[in-house]
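>>> Okay, here's the prediction I keep looking at, along with the sequence it came from:
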Amino acid sequence: MQYYPMHIAGLDRKLPICKITDELYIGAFIVFGDAELTVACARELLKLAEEGSYDYMLTAEAKSIPLIHEMARQSGAQKYFIARKGPKAYMPDPIHVEDHSITTSGTQKLFLGRDDAELIRGKRILLVDDVISTGGSLHAMEALVELSGGTVAGRIAVLAEGDAQNRSDIRFLAPLPVFNADGTVKA
Ligand SMILES: O=P(O)(O)OC[C@H]1O[C@H](OP(=O)(O)OP(=O)(O)O)[C@H](O)[C@@H]1O
Ligand SMILES: Nc1ncnc2[nH]cnc12
């Protein structure tokens, strides 16, 4: 296994380089299960989130769940939203949108219960993710907010991968390149 070393939120981590296709490899950023990194990234992300500019934060399951929770804990937010990848029996009359992400083949769906959608209506929502790559997951979160009648107040992520680092509509802590099969950075 090859690794890409990164300094992020004041910490050093080695990202394992994983195959997406024969021509495209990514450095897997797994904040899930890394308590020290979660706390540090949450602290730094909150510096990108202008206080008073949003009413609630929203992310999509799964890897960003501890991150958004820690952001809420540090900022004193009592409530945040998690878009789920499947409907649950306890979700009243869920709404959903379709989603394509670099790490998952085929189409995913993102769901929100109608109760959460009603809370989002008329509110300013800050979208949070661990990584933004193709932007598919971010786009799906935006669509859920719009379907719910809310507005997107901002888009923040720990890492912007590949072309996402050139986007001017997102804020992020660091860029992350994509890789060739031999572990070299893709030009
Ligand atoms: O910009 P994109 O191409 O959509 O890629 C970014 C998304 O991919 C990852 O989630 P993933 O789909 O791997 O799901 P997981 O968090 O459930 O592992 C990551 O957490 C982002 O949500
Ligand atoms: N480099 C990466 N690590 C973890 N999840 C991702 N989703 C998209 N790119 C990713």
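Looks like it arrived, so ask away. Ligands and ions are numbered 1, 2, ... in the order given.
>>> Name the nearest residue to the residue nearest in space to the middle of the chain, sequence neighbours excluded.
Centrality entry for the chain: nearest residue to the mean C-alpha point is D129, 1.5 Å, by CA atoms, centre = their mean. Nearest residue to D129, sequence neighbours excluded (CB to CB, 6 or more residues apart in numbering): A157, at 4.5 Å. (Glycine included, C-beta is placed from N, CA and C.)
>>> now do A160
F172 (4.2 Å).
>>> and what of R114?
Using CB to CB, 6+ apart, the nearest residue to R114 is D93, at 4.2 Å.
>>> where does the one you found land in three-state SS?
coil (DSSP: H, G, I helix; E, B strand; the rest coil).
>>> Look up phi and psi at it.
Backbone torsions for D93, taken as degrees, to the nearest 10, come to phi 40, psi 60.
>>> Then V145?
Per degrees, to the nearest 10, the backbone of V145 is at phi -60, psi -40.
>>> my guess is it contacts G122, does it?
No - when contacts are counted by CB atoms under 8 Å, V145 is not listed as touching G122 (11.2 Å).
>>> The two: who's more crowded?
V145 (27 against 11; other CB atoms under 10 Å).
>>> Run through the residues that contact the more buried one.
Neighbour list for V145: 58, 120, 125, 127, 151-152 [criterion: CB atoms under 8 Å, 6 or more residues apart in numbering].
>>> again, but for Q74
Q74 is in contact with 42-43, 46, counting by CB under 8 Å, 6+ apart.
>>> List the buried residues of the helix or strand that contains it.
For Q74, the element it lies in under DSSP states H and E is helix 65-75. Residues 65-72 are the ones in helix 65-75 that count as buried (16 or more other CB atoms under 10 Å).
>>> filter these by proximity to ligand 1?
With CB under 6 Å from any ligand atom as the criterion, the buried residues of helix 65-75 include none near ligand 1.
>>> now the strands for this protein?
3-8, 11-21, 24-27, 56-60, 81-83, 95-101, 104-112, 124-132, 151-161, 171-176, 178-179 (DSSP state E).
>>> Just want the angle from the second one to strand 151-161.
To tie it back to what came earlier, the one meant is strand 11-21. 90 degrees (axes from the mean of the first three to the mean of the last three CA atoms, to 10 degrees).
>>> List of residues touching strand 11-21?
Under CB under 8 Å, 6+ apart, the answer for strand 11-21 is 1-6, 25-29, 34, 36-37, 40, 102-103, 176, 179, 181, 183.
>>> Buried by neighbour count, from those: which ones?
4, 6, 25-27, 29, 37, 40, 102, 176, 179.
>>> thinking again about what came up before, in contact with the residue nearest to A160, which residues?
Applying CB under 8 Å, 6+ apart, the residues contacting F172 are 48, 132, 156-160, 164-165.
>>> okay, it: pLDDT?
As predicted, F172 sits at a pLDDT of 98.
>>> next one: the one 3 residues further on
P175 is assigned 98 on the pLDDT scale.
>>> In contact with it: list those residues for me.
159-161, 165.
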